[in-house]
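*Asks:* curious how this folds, go ahead:
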Amino acid sequence: MTQARQQSIQVVAHRGASEDAPEHTLAAYTKAIEDGADALECDVRLTADGHLVCVHDRRVNRTSNGRGAVSALELADLATLDFGSWKDSEESPDWRDRELTSVLTLERLLELVVDAGRPVQLAIETKHPTRWAGQVEERLLHLLTRFGLDRPVPGQESGPGESAVRIMSFSARSLHRIASAAPELPTVYLMRFVSPLLRDGRLPAGARIAGPGMRIVRNHPGYIERLQKAGHRVHVWTVNEPEDVDLCVRLGVEAIITNRPKLVLSQLGRPA
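*Replies:* You can find the predicted model right below:
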């Protein structure tokens, strides 16, 4: 692969610069932007009172000093919790700033991206209880429309930079809902394993980009080639080790999702 192609790989900050700062906090996303990440990845869940917040787990127990399911808590309840102290903060006193480690709404993250001072994309993964089928996607699209982020960026070529936002999910049904309501938005089908029905490189209806986990890439590099031959772009998660970055480069993937955006950018010859 040429150096130019290597440097064109998009580096996506997984839950922000989450190795260095508490995941899904303003601190993590601010650092990812400062580190030069091309895009920010986040998970979104719906609170009991209908707000989209950036939290990965179904419950807040692991990443806060509270307990309970996100879907059972209102935004005001979540705002009382500390989402930063679980992460060692001795070398980063900014994490003690409550504004930087409070629960992060998707609306606030969109404001950060819009005000970043340079183009920064978002890769948003939908998470939701089955009983709320469709509500997460509906509110997500409403918010993107408010910010003018529901359509491709004019003048940009096809590829990772074709849109300011792309929607990701392990649920083919969720992606189908997005594709039906907003066909111009790129959609990424996330995979923990290769389904027997999709071994030939096909993706489910509504999915435009393949999102295999790094384990798939290591164990089945030929599958990545089949995806590419089928005309699909490939965005890989979560790529943290230098040898895994090298493998992704050799296979010609278009985006690397990593907890270590600064280190990966440096390895690709793009230091901040």
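
*Asks:* how close does residue 58 get to residue 218?
*Replies:* 28 Å (C-beta to C-beta, to the nearest Å). Using the backbone N, CA and C atoms, a C-beta is placed for each residue, glycine as well.

*Asks:* looking at those two, which is more packed in?
*Replies:* residue 58 (15 against 12; other C-beta atoms under 10 Å).

*Asks:* what are the phi and psi angles of the nearest residue to that one once chain neighbours are set aside?
*Replies:* Nearest residue to residue 58, sequence neighbours excluded (C-beta to C-beta, 6 or more residues apart in numbering): residue 69, at 5.7 Å. Main-chain torsions, residue 69, degrees, to the nearest 10: phi -80, psi 140.

*Asks:* tally of neighbours for residue 142?
*Replies:* Neighbours of residue 142 using other C-beta under 10 Å come to 11.

*Asks:* ok, then the element right after the helix or strand containing it?
*Replies:* Using DSSP states H and E, residue 142 maps to helix 135-146. Using DSSP H and E, the helix or strand that follows helix 135-146 in sequence is strand 165-169.

*Asks:* contact partners of the helix or strand that comes right after that following strand?
*Replies:* Counting by DSSP H and E, the next helix or strand C-terminal to strand 165-169 is helix 172-181. With contact meaning C-beta atoms under 8 Å, 6 or more residues apart in numbering, helix 172-181 is reached by 126, 128, 133-134, 136-138, 141, 167, 169, 185, 187-189, 204-208.

*Asks:* what is the neighbour count of residue 120?
*Replies:* Residue 120 has 20 nearby residues by other C-beta under 10 Å.

*Asks:* now it: how far from residue 126?
*Replies:* Residue 120 is 20 Å from residue 126, by C-beta to C-beta.

*Asks:* for residue 203, same thing?
*Replies:* Taking C-beta to C-beta, one finds residue 203 at 17 Å from residue 126.

*Asks:* next one: residue 106
*Replies:* 11 Å.

*Asks:* and for these two, which residues touch both?
*Replies:* With C-beta under 8 Å, 6+ apart as the test, residue 106 and residue 126 both reach 44, 140.

*Asks:* which residues does residue 185 contact?
*Replies:* Neighbours of residue 185 in contact, by C-beta under 8 Å, 6+ apart: 144, 150, 151, 163, 165, 166, 167, 178, 179.

*Asks:* based on its surroundings, how many neighbours for the second one?
*Replies:* Here the number of neighbours of residue 150 (other C-beta under 10 Å) works out to 19.

*Asks:* what's the spacing between it and residue 182?
*Replies:* 6 Å.

*Asks:* where do the contact lists of these two overlap?
*Replies:* By C-beta under 8 Å, 6+ apart, the residues touching both residue 150 and residue 182 are 141, 144.

*Asks:* my understanding was that residue 14 contacts residue 257; is that so?
*Replies:* Yes. At 4.9 Å, residue 14 and residue 257 qualify as touching, with contact defined as C-beta atoms under 8 Å.

*Asks:* between the two, what contacts are shared?
*Replies:* Joint contacts of residue 14 and residue 257 (C-beta under 8 Å, 6+ apart) are 41, 237, 238.

*Asks:* from residue 248, how far out is the residue nearest to the first one when sequence neighbours are not counted?
*Replies:* If you skip the residues right next to it in sequence, residue 41 has residue 123 as its closest partner in space, 4.4 Å away by C-beta to C-beta, 6+ apart. When C-beta to C-beta is the yardstick, residue 123 and residue 248 sit 16 Å from each other.
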